[in-house]
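K.L.:
Could you work out the structure for the sequence below:
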Amino acid sequence: MNLFPGFRTKNIRASGATIHVATGGTGPAVLLLHGYPETHAMWHKVAPQLARDYTVVCADLRGYGDSSKPKGKPDHSNYSKRAMAKDMVEVMRALGHRRFHVVGHDRGARVAHRLARDHGARVRSLTVLDISPTLKMYESTDKAFATAYYHWFFLIQRPPLPEMLLKNQVPKYIIGRIGRGPGGIKVFDKNALNQYVKAFKDPRCIHATCEDYRAAATIDLVHDRKDLRRKIRMPVLVLWGKQGVIEAMFKPLRDWREVASDVRGRALDCGHFLPEERPEDVLAELRRFFPRG
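P.N.:
Numbering: from 1, shown residues only. Just a heads-up that it's a prediction; the model follows:
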């Protein structure tokens, strides 16, 4: 089944990785970035509708889906959000988009945050789904958060332990991560779910995604601390799940106002995976938010 009717797929060589994208529609450009443990397929309920008015680019992050999966460097720098954001700037340039809106969920939102930091002149607006800033979340860690987000602290352990433990647990692990919300697994399209499971059967994907988290716990925090006094200037929309960890343990609007000057948003009645659990609400919020012209 084609999850993105009318979209075209291609691989674009960036300086640090080859990025797989699906593109469709016409109008102002919108870049959609997925989270863990998913691929660009997570946008299948949002992207085709958004493509009626926008040129939509759905990308697999470096290390995920059908994008390339380089071996992590000792300092994890090739999976830093800075490196992954650079991938996306180069992809959008190759597609002819000088400026664009960026929407990220989960890990993709962390890449989007860094993209807005490092390439602000290119980003028309920033939307982050179900996260607070990485530095804020690490500095606020307590027992309750470490229990709820145990995978953060498991995946950052030195290789190859997490990779070895996950290797033979992929279908069960992926389904367990995705199905942990109030709707369980039934809200997820089987074809999309099959893509997530297939991607993580590749040991290189398991390693790459561990490197994503290792970078977040090391080099990304260094970059974020250097930017503490420099606020993001473009409009920022923050959406999160009312039944998720961000709602329970963080203050997302307050947290984002510490790093950005123009922030708005609200909770949606769902868990962590907003674009699949509440796609109509996500679409409505994006259409209201995107600046005109």
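
K.L.:
Could you list the single helix or strand in this structure with the lowest mean pLDDT?
P.N.:
helix 170-178 (a mean of 92; mean pLDDT, DSSP states H and E).

K.L.:
which other residues reach that one?
P.N.:
36-38, 151, 166, 185, 188, 193, 196-197, 200-201, 206, 273 (C-beta atoms under 8 Å, 6 or more residues apart in numbering). Backbone N, C-alpha and C define where each C-beta goes, glycine included.

K.L.:
now do stretch 67-78
P.N.:
With contacts defined as C-beta under 8 Å, 6+ apart, stretch 67-78 is touched by 11, 16-20, 59-63, 79, 83, 159, 202, 204-205, 207-208, 210-211, 214-215, 218-219.

K.L.:
contacting residues for the residue nearest the centre of the chain?
P.N.:
Against the mean C-alpha coordinate of the chain, by C-alpha atoms, centre = their mean, the closest residue is Gly108 at 1.5 Å. Contact partners of Gly108, counting by C-beta under 8 Å, 6+ apart, are 32-35, 61.

K.L.:
Take the residues you listed and keep only those in strands.
P.N.:
32-33 (DSSP state E).

K.L.:
what about the nearest residue to Gly179 once chain neighbours are set aside, how many neighbours?
P.N.:
Residue nearest to Gly179 in three dimensions, not counting chain neighbours: Ile185, with 3.8 Å by C-beta to C-beta, 6 or more residues apart in numbering. Neighbours of Ile185 under the rule other C-beta atoms under 10 Å: 13.

K.L.:
ok so, going back, let's have the contacts of Gly108 in TSV, adding distance to Asp224.
P.N.:
What follows is the contacts of Gly108, written out as TSV (distance: C-beta to C-beta, whole Å):
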residue	distance to Asp224
Leu32	23
Leu33	18
His34	21
Gly35	18
Leu61	18
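
K.L.:
Make TSV out of the contacts of Gly108 and add neighbour count.
P.N.:
Formatted as TSV, the contacts of Gly108 follow (neighbours: other C-beta atoms under 10 Å):
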residue	neighbour count
Leu32	26
Leu33	31
His34	26
Gly35	24
Leu61	30
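
K.L.:
Just send the contacts of Gly108 back as JSON lines, with distance to Gly25 and pLDDT too.
P.N.:
Shown next, in JSON lines, are the contacts of Gly108 (distance: C-beta to C-beta, whole Å; pLDDT from 0 to 100):
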{"residue": "Leu32", "distance to Gly25": "11", "pLDDT": "99"}
{"residue": "Leu33", "distance to Gly25": "17", "pLDDT": "99"}
{"residue": "His34", "distance to Gly25": "18", "pLDDT": "98"}
{"residue": "Gly35", "distance to Gly25": "22", "pLDDT": "98"}
{"residue": "Leu61", "distance to Gly25": "21", "pLDDT": "98"}
